[in-house]
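K.L.:
no letters, just coordinates:
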């Protein structure tokens, strides 16, 4: 009888491990009725823990740290800018939705004529004080001048408010593009607000100076909301929930020897033939253990949604670096990855003739796809066809 040793992925602890094993046992029973499933519960023994009960997790800004900013709305403002970086037109869209039909008298200028003209002038001449936002201001101003949202927003807002809304939209577009480009240096809040004030002045707002006094902050503050404030204030709870997954990876890469030895000890006590079935980090542990030395009795390695090939290619796999080949003692390797799983990687292009890839499709988006392998019949069929 073939023994399948299941090596789980990051963050898996009881009682969830038991539920997962039940699902895999059921799936293997139909595809490989001759197999026996054994679990390597490395998470319970070697997984990451907050050894000092979370002493490294900072408190929320101003919450019992003695370093309050003096402004209880700071977090709200940061939250609002986060929304604008994600969607620079959010304020314009909100204003547009609140505008009603308006009749323009014959011969009168349409409400959006002046703001569009000012945006085109800004695009032509620029604004030196806004250079700190990053490159591309003129192009962004040209694009914004064409926005269909300006018309209804101009009907709903007074000139002063519209100028600030447009200035924030420009700033958010430029900074958001810098963020998307992974630039190593991004604009701080003070510099951003000074640039926004300068832009607002060019777009029709009354002069407000360049300090960060209350009036400037009220005028320059966005009026949209997102969930970052909630996340910051619940950082401890979120860390408690997420740290096993992230911590497991970091701990393994730093001190994975005990985890690999534990797998060796488990396999040594089993009757061959043995198959290692590793999911996510479990696949990395399995691959690493096999590369680092022969594991008698193991006749097949199966990795599912694993990052082992990626770590090898980037030089982060502890036991082997590119372009070194797999040692001869590593058994045949079946690597399964879902096409929609952003944490699943291909092995065959890196190890031709030694690894075989099988691409699956759970029809689930990421990150659900990373955990949906165990309800996919195609996964069990691929495993069952290759079990010794």
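P.N.:
Ah, there it is. Everything quoted here is computed from the prediction, not taken from an experiment.

K.L.:
just to check, residue 322 is in contact with residue 316?
P.N.:
No. Using C-beta atoms under 8 Å, residue 322 is not in contact with residue 316, being 10.2 Å away. Yep, even glycine has a C-beta here, placed from its N, CA and C like the rest.

K.L.:
quick one: buried residues of stretch 167-182?
P.N.:
Neighbour-count burial for stretch 167-182 flags 167-178 (criterion: 16 or more other C-beta atoms under 10 Å).

K.L.:
wait, residue 178 sits on residue 134?
P.N.:
Yes. Residue 178 lies in contact with residue 134 (C-beta under 8 Å); the separation is 4.3 Å.

K.L.:
return every residue with contacts to both of these two.
P.N.:
Common neighbours of residue 178 and residue 134 (criterion: C-beta atoms under 8 Å, 6 or more residues apart in numbering): 186-187.

K.L.:
secondary structure element for the nearest residue to residue 306 once chain neighbours are set aside?
P.N.:
Nearest residue to residue 306, sequence neighbours excluded (C-beta to C-beta, 6 or more residues apart in numbering): residue 283, at 2.8 Å. Using DSSP states H and E, residue 283 falls within helix 281-292.

K.L.:
could you do residue 18 as well?
P.N.:
helix 16-31.

K.L.:
can you tell me what sits against that helix?
P.N.:
Helix 16-31 has contacts (C-beta under 8 Å, 6+ apart) with 4, 6, 8, 12, 35, 37, 39, 41, 43-44, 277, 374-375, 377, 379-381, 383-384.

K.L.:
would you mind listing where this protein has pLDDT under the threshold?
P.N.:
For the chain, applying pLDDT under 70 flags the ranges 54, 57, 59-76, 98-109, 208-245.

K.L.:
in strands only, show me the contacts of helix 16-31.
P.N.:
Of the contacts of helix 16-31, the ones assigned to strands by DSSP state E are 4, 6, 35, 37, 39, 277.

K.L.:
quick one: residues contacting the second one.
P.N.:
Taking C-beta under 8 Å, 6+ apart as the definition of contact, the neighbours of residue 6 are 21, 24, 37-40, 277-279, 282.

K.L.:
just how off-centre is the helix holding residue 18 within its chain?
P.N.:
29 Å (C-alpha atoms, centre = their mean, to the nearest Å).

K.L.:
which parts of it are buried?
P.N.:
17, 20-21, 24, 27-28, 31.

K.L.:
and it with strand 35-40, angle?
P.N.:
Relative orientation of helix 16-31 versus strand 35-40 (axes from the mean of the first three to the mean of the last three C-alpha atoms, to 10 degrees): 160 degrees.

K.L.:
please give me every residue in contact with residue 294.
P.N.:
Taking C-beta under 8 Å, 6+ apart, we find residue 294 in contact with residue 329.

K.L.:
adjust the sequence numbering to begin at 47 for everything that follows.
P.N.:
Okay, using 47 as the starting number, the last item reads as residue 340.

K.L.:
pretty sure it is in a helix, no?
P.N.:
No. Looking at residue 340 with DSSP: H, G, I helix; E, B strand; the rest coil, it is coil, so not inside a helix.

K.L.:
and it, how far from residue 312?
P.N.:
Note on residue 340: its distance to residue 312, by C-beta to C-beta, to the nearest Å, is 16 Å.

K.L.:
then residue 250?
P.N.:
72 Å.

K.L.:
if we can go back for a sec, distance to residue 293 for the buried residues of helix 62-77 - can I get that in JSON lines?
P.N.:
Shown next, in JSON lines, are those (distance: C-beta to C-beta, whole Å):
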{"residue": "63", "distance to residue 293": "17"}
{"residue": "66", "distance to residue 293": "19"}
{"residue": "67", "distance to residue 293": "22"}
{"residue": "70", "distance to residue 293": "24"}
{"residue": "73", "distance to residue 293": "29"}
{"residue": "74", "distance to residue 293": "30"}
{"residue": "77", "distance to residue 293": "33"}
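
K.L.:
closest one of those to residue 132?
P.N.:
Distances from residue 132 to the buried residues of helix 62-77, taken as C-beta to C-beta, are shortest for residue 66 (34.1 Å).

K.L.:
the helices in the stretch 247-396 of the chain, which residues?
P.N.:
Remark: helices assigned in the stretch 247-396 of the chain by DSSP state H, counting those that start in this stretch are 260-266, 274-279, 281-301, 303-314, 327-338, 354-360.

K.L.:
and the last one, what does it pack against?
P.N.:
In this structure, helix 354-360 packs against helix 327-338, with contacts taken as 3 or more C-beta pairs under 8 Å, 6 or more residues apart in numbering; DSSP states H and E.

K.L.:
just want the angle from the helix it packs on to helix 303-314.
P.N.:
80 degrees.

K.L.:
distance between helix 327-338 and the chain's centre?
P.N.:
With C-alpha atoms, centre = their mean, you get 25 Å for helix 327-338.

K.L.:
kindly report the same for stretch 182-196.
P.N.:
That offset, for stretch 182-196, works out to 29 Å (C-alpha atoms, centre = their mean).

K.L.:
what comes up buried for that stretch?
P.N.:
Using 16+ other C-beta under 10 Å as the test for burial, stretch 182-196 gives 183, 186-187, 190-191, 193, 195-196.

K.L.:
from the residues you listed, pick the one nearest residue 165.
P.N.:
Among the buried residues of stretch 182-196, residue 191 lies closest to residue 165 (C-beta to C-beta), at 3.8 Å.

K.L.:
which residue, neighbours along the chain excluded, lies closest to the closest one?
P.N.:
If the residues on either side of it in the chain are set aside, residue 191 comes closest to residue 165, at 3.8 Å by C-beta to C-beta, 6+ apart.

K.L.:
mind checking what helix or strand follows the strand or helix carrying that neighbour in sequence?
P.N.:
In this assignment (DSSP H and E), residue 165 forms part of helix 159-171. With elements assigned by DSSP H and E, the helix or strand that comes after helix 159-171 is helix 183-191.
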